[in-house]
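**Q** Give me coordinates for this.
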Amino acid sequence: MKIFSWNLRGLGNPRGVRSLRDLLTKEDPDVVFLQETRLKVAQWIFCKYSLGFKNCFVVDSFGCSGGLAMLWKDDVNLHILNYSSHHIHALIRNSMFEGGVGIITGVYGHPQTERREEVWSIVKALGRGVTSPWLVFGDFNEILNQSEKHGGNLRSERQMAGFRSVLEEKGLRDLGFSGKPFTWCNRREGDIICERLDRFLGNLMWCEAFPFTHVQHGVAAYSDHTPIWLDSNGGLTKRKGHRLFRFEAMWIRDRDCTHIVERVWDESEGIGNCNDLMGKISKCGVELSKWNRRSFGNVQKELASAKEKLKEMEDLDPAYQQLPQHKVAREEVQKWLEKG
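**A** Here you go, the predicted structure:
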C-alpha cells in the first residue's frame, strides 16, 4: 500500500493542481491526504475527478486557510471514523493487516504554537484502545529535536517535548525517510529556515506488520512543503498490469485530438451494444497515445529533464543556501508542466 501526504498550501490555482496531478500520476498512491487545500467541499466535486479519484472526504477550509482532504482508490476499503479541522481518522479493511483492520490518521498540526497542544490531545485521544496497526502522518508543524531544524533561533524545548509526548504515550515510532532532510523551508533570502515538519509515525503493530516500510521525501515545484509518501512494501512489489490510459488535459487545446476521436468514431457502423462502445473507446485510447508520443514527446522529455535538475539542486543544497538557483529550477518545472 502506498500513502501520499502533502501540505500544498492551496489547491485553488492551476499551478497547484498541475503539480499535484503530476505527482499522483507518477507515484500512483492508494490513499492521499492533503493539508491546507483552502477549498470548500463543493469545489472538490470536480477537483477529485481531475486528480483521478472518485472517493474523497473533505474538511472545509476556514476563510483563506486550512482545509483537509483524504482520497482513496476504489479497491481500498476505507471508512472515515471521525475528523476535525486538524485530522482525519479512518479505518482500512484489508487482509494485509493482522485481524484484517488497520487505522490511519492524517494530522495537520496547529500553525499557532500556543494551540498545538490541542492537536496533541486529539491524537492521544484517538490512540486510546487502538489494538490494530496504526499509522499517523501529515504536517505536524513541529520537530522532535534541534537536528531537524536549520537556521533561525533554537526551537523551544517545551514545544518539542509536547510533540515527543505524543510518540511516547501512544507508542509511536518515527518511520524515517529517504531524500532531503527537511520538508519545509520559508525560502526567505538572507533568513533561510528549514525544518522537518512532515513525517510518518507507526505503532509497534504497524512496524511488525510492515518491516520493509519505506518513506520518501519527494520533490515538487510548488508549495513551501515537500510531498512525502510511504510504501508499506518498501517498493519491493511492482504494480501489476499495464499502465492505465489517461486522457491529458493538454490534448483538448489541440484540434488534432478532436479529429482523431471523430475519425475513430466514424470508422464503423453505429454502436450496437456495450462491447461496440468499449471497443471504440479502447481504440481511441490507442490512437491518442500514439499521437501523444509524436506530438508532445519533446514537452515530456523537457519536463523530465527539468524535474531531474530540480531534484539535483535540492539534493546538493537541502538548506536552500543558493535560493535564486532553486527558484529558477522550480520555475523551469512549472513552465513545462504548464505547456503539458
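
**Q** Doesn't residue 24 belong to a helix?
**A** Yes: under DSSP: H, G, I helix; E, B strand; the rest coil, residue 24 sits within a helix.

**Q** buried ones in stretch 95-115?
**A** By 16 or more other Cβ atoms under 10 Å, the buried positions in stretch 95-115 come out as 97, 102, 103, 104, 105, 106, 107, 108, 109, 110. Just so you know, the C-beta spots here come from the backbone N, C-alpha and C atoms, and that holds for glycine as well.

**Q** Can you give me the end-to-end span of it?
**A** In stretch 95-115, first residue to last residue: 38 Å (Cα to Cα, to the nearest Å).

**Q** Could you tell me how far that stretch lies from the centre of the chain?
**A** Distance of stretch 95-115 from the chain centroid (Cα atoms, centre = their mean, to the nearest Å) equals 15 Å.

**Q** average pLDDT for that stretch?
**A** Mean pLDDT, computed over stretch 95-115, is 93.

**Q** Tell me, how many residues neighbour residue 134?
**A** Residue 134 has 22 neighbouring residues, counting by other Cβ atoms under 10 Å.

**Q** can you pull the contacts of it?
**A** By Cβ atoms under 8 Å, 6 or more residues apart in numbering, residue 134 lies in contact with 102, 103, 104, 105, 127, 172, 202, 203, 205, 206.

**Q** from those, which is closest to residue 224?
**A** residue 105 (23.5 Å; Cβ to Cβ).

**Q** thought the closest one was touching residue 87?
**A** Yes: assessed by Cβ atoms under 8 Å, residue 105 is found in contact with residue 87 at 6.0 Å.

**Q** so what's in contact with the two at the same time?
**A** Between them, residue 105 and residue 87 share the contacting residues 123, 126, judged by Cβ under 8 Å, 6+ apart.

**Q** for the host helix or strand of residue 275, packing partners?
**A** For residue 275, the host element (DSSP states H and E) is helix 274-316. With contacts defined as 3 or more Cβ pairs under 8 Å, 6 or more residues apart in numbering; DSSP states H and E, helix 274-316 has these neighbours: helix 255-266, helix 323-339.

**Q** Show me the one of those that comes nearest residue 45.
**A** helix 323-339 (23.8 Å).

**Q** now the closest one, how far from the centre of its chain.
**A** That offset, for helix 323-339, works out to 20 Å (Cα atoms, centre = their mean).

**Q** and the angle for it with helix 274-316?
**A** 170 degrees (axes from the mean of the first three to the mean of the last three Cα atoms, to 10 degrees).

**Q** I'd like the mean pLDDT over helix 323-339, please.
**A** Here the average pLDDT along helix 323-339 is 91.

**Q** cool, and stretch 235-245?
**A** For stretch 235-245, the mean confidence score works out to 57.

**Q** returning to what we had before: as a markdown table, the buried residues of stretch 95-115 with secondary structure would be great.
**A** Shown next, in a markdown table, are the buried residues of stretch 95-115 (three-state DSSP):
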| residue | secondary structure |
| --- | --- |
| 97 | coil |
| 102 | strand |
| 103 | strand |
| 104 | strand |
| 105 | strand |
| 106 | strand |
| 107 | strand |
| 108 | strand |
| 109 | coil |
| 110 | coil |
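
**Q** would CSV of those with distance to residue 150 be doable?
**A** Shown next, in CSV, are the buried residues of stretch 95-115 (distance: Cβ to Cβ, whole Å):
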residue, distance to residue 150
97, 37
102, 34
103, 33
104, 30
105, 28
106, 26
107, 23
108, 23
109, 19
110, 23
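
**Q** Sketch out the helices for this structure, chain order is fine.
**A** 14-27, 44-50, 116-127, 157-170, 204-209, 255-266, 274-316, 323-339 (DSSP state H).

**Q** Among those helices, which comes closest to residue 180?
**A** helix 274-316 (5.3 Å).

**Q** How far does the closest one sit from its chain's centre?
**A** On Cα atoms, centre = their mean, the centre of helix 274-316 falls 20 Å from the chain's centre.

**Q** go on, stretch 223-235?
**A** Taking mean C-alpha positions (Cα atoms, centre = their mean), stretch 223-235 and its chain are 7 Å apart.

**Q** buried residues in it?
**A** Those would be 223, 225, 226, 227, 228, 229, 230, 231, 232, for stretch 223-235 by 16+ other Cβ under 10 Å.
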